[in-house]
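In: for reference, the sequence and a predicted model appear below.
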Amino acid sequence: MQGKVVAITGASRGIGAAAARVFAEAGARVVLLARSGREIAEVAEEIGGDALAIPCDIGDAGAVQTAMQKIGAACGGLDVLIGNAGVIDPIARISDARPQDWSAAIDINLKGVFYGMRSAIPMMRARGGGTIITVSSGAAHNPLEGWSAYCASKAGAAMLTHAAHLEEAENGLRIMGLSPGTVATDMQVKIKGSGINPVSQLDPAVHIAADWPARALLWMCGPGGDAYLGQEISLRDEKIRRDVGLIA
């Protein structure tokens, strides 16, 4: 990753912030994108070097396009896009969910992935290739009570990722997804507090640390990910954990 330009959405905390640290340690120039300008600025300052923080509402097409233009101007291009931004809200049964809350989840979890891809793909074509990884979820493939917005948006993002691979593999782009399983982040605290569906009942001790999916994302950008192009890797798979070096 030495000298590569890596943009990470939802980089203010959790998997996104952990990925920013891991990629920077591997020699990449990291660009952190999130709505919270203060938080990503703090992470960028912690990372040091030439890390760049760009406040951006991932659910706003114009904001994403502007952010990508800033990346091009500051960094000369883009090599990797990690589509990590996501929200669990609203946690509510379909009959109780407010339409505006449900729509907001789609804007971030699904449309945000599209906006990022749409802006990044031409930049990567111009460089002769690149890698796009969507952070997915088991919820993309399994319905859960109270999570209709999250499940539907993640399912859409997973299919969008497959479609992007179909369209762009011939242009040298490496596109795939990562389903990390349950991760010890603020989202899990919110899920636990909801008391809805079996995920909220999990013992916090079973959640993996955020640096595990971060390290998996880095591994996917190298030769190890080549066998999984157009697919979705699950960190629940022990073989994947071994290949990444997370377990012996």
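Out: That came through, no problem.

In: pull out the buried residues from the helix or strand of the chain with the lowest mean pLDDT.
Out: Least confident helix or strand of the chain, by mean pLDDT, DSSP states H and E, is helix 186-194 with a mean of 93. Going by neighbour count (16 or more other CB atoms under 10 Å), the buried part of helix 186-194 is 187-188, 191, 194. For every residue, glycine as well, the C-beta is placed using N, CA and C.

In: tell me which other helices or strands that helix touches.
Out: Counting contacts by 3 or more CB pairs under 8 Å, 6 or more residues apart in numbering; DSSP states H and E, there are no secondary-structure elements packed against helix 186-194.

In: please save the CA atoms from that helix in PDB.
Out: In PDB, the C-alpha atoms belonging to helix 186-194 read as follows (Å, rounded to 0.1, in the frame of the first residue of the first chain):
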ATOM      1  CA  ASP A 186     -20.900   2.000  19.200                       C
ATOM      2  CA  MET A 187     -23.500   0.400  16.900                       C
ATOM      3  CA  GLN A 188     -23.500  -2.700  19.100                       C
ATOM      4  CA  VAL A 189     -24.100  -0.600  22.200                       C
ATOM      5  CA  LYS A 190     -27.200   0.900  20.500                       C
ATOM      6  CA  ILE A 191     -28.300  -2.600  19.400                       C
ATOM      7  CA  LYS A 192     -27.900  -3.900  22.900                       C
ATOM      8  CA  GLY A 193     -29.900  -1.100  24.300                       C
ATOM      9  CA  SER A 194     -32.800  -1.700  21.900                       C
END
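
In: how far does that helix sit from its chain's centre?
Out: How far helix 186-194 lies from its chain's middle: 19 Å, per CA atoms, centre = their mean, to the nearest Å.

In: which SSE is immediately downstream of it?
Out: The first helix or strand that comes after helix 186-194 along the chain, using DSSP states H and E, is helix 211-220.

In: if you count contacts, what does that following helix end up packed against?
Out: Counting contacts by 3+ CB pairs under 8 Å, 6+ apart, helix 211-220 packs against helix 14-25, strand 130-135, strand 173-179, helix 238-244.

In: may I ask you to name the longest helix in the protein?
Out: Scanning the chain for the helix with the most residues, using DSSP state H, yields helix 148-168.

In: which residues touch that helix?
Out: Here helix 148-168 makes contact (CB atoms under 8 Å, 6 or more residues apart in numbering) with 83, 86-90, 93-94, 97, 101-102, 105-106, 108-110, 113-114, 117, 121, 125, 132, 134, 136-137, 139-144, 173, 175-177, 229-230, 232.

In: 7 Å instead?
Out: Residues outside helix 148-168 that contact it (CB atoms under 7 Å, 6 or more residues apart in numbering) are 88, 90, 94, 97, 102, 105-106, 109-110, 113-114, 117, 121, 132, 134, 136-137, 139-140, 143-144, 175-177, 229-230, 232.

In: center of the chain - which residue?
Out: Residue closest to the average C-alpha location in the chain (CA atoms, centre = their mean): N84, at 1.6 Å.

In: gap between stretch 14-23 and the chain center?
Out: Its chain's average C-alpha position is 10 Å from that of stretch 14-23, according to CA atoms, centre = their mean.

In: can I get it as PDB, trimmed to CA atoms?
Out: Only the C-alpha atoms of stretch 14-23 are listed here, as PDB (Å, rounded to 0.1, in the frame of the first residue of the first chain):
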ATOM      1  CA  GLY A  14     -15.400   1.900  14.700                       C
ATOM      2  CA  ILE A  15     -14.300   0.000  11.700                       C
ATOM      3  CA  GLY A  16     -13.600   3.100   9.600                       C
ATOM      4  CA  ALA A  17     -11.200   4.700  12.100                       C
ATOM      5  CA  ALA A  18      -9.500   1.400  12.700                       C
ATOM      6  CA  ALA A  19      -9.100   0.900   9.000                       C
ATOM      7  CA  ALA A  20      -7.600   4.400   8.600                       C
ATOM      8  CA  ARG A  21      -5.000   3.500  11.200                       C
ATOM      9  CA  VAL A  22      -4.200   0.100   9.600                       C
ATOM     10  CA  PHE A  23      -3.900   1.400   6.100                       C
END
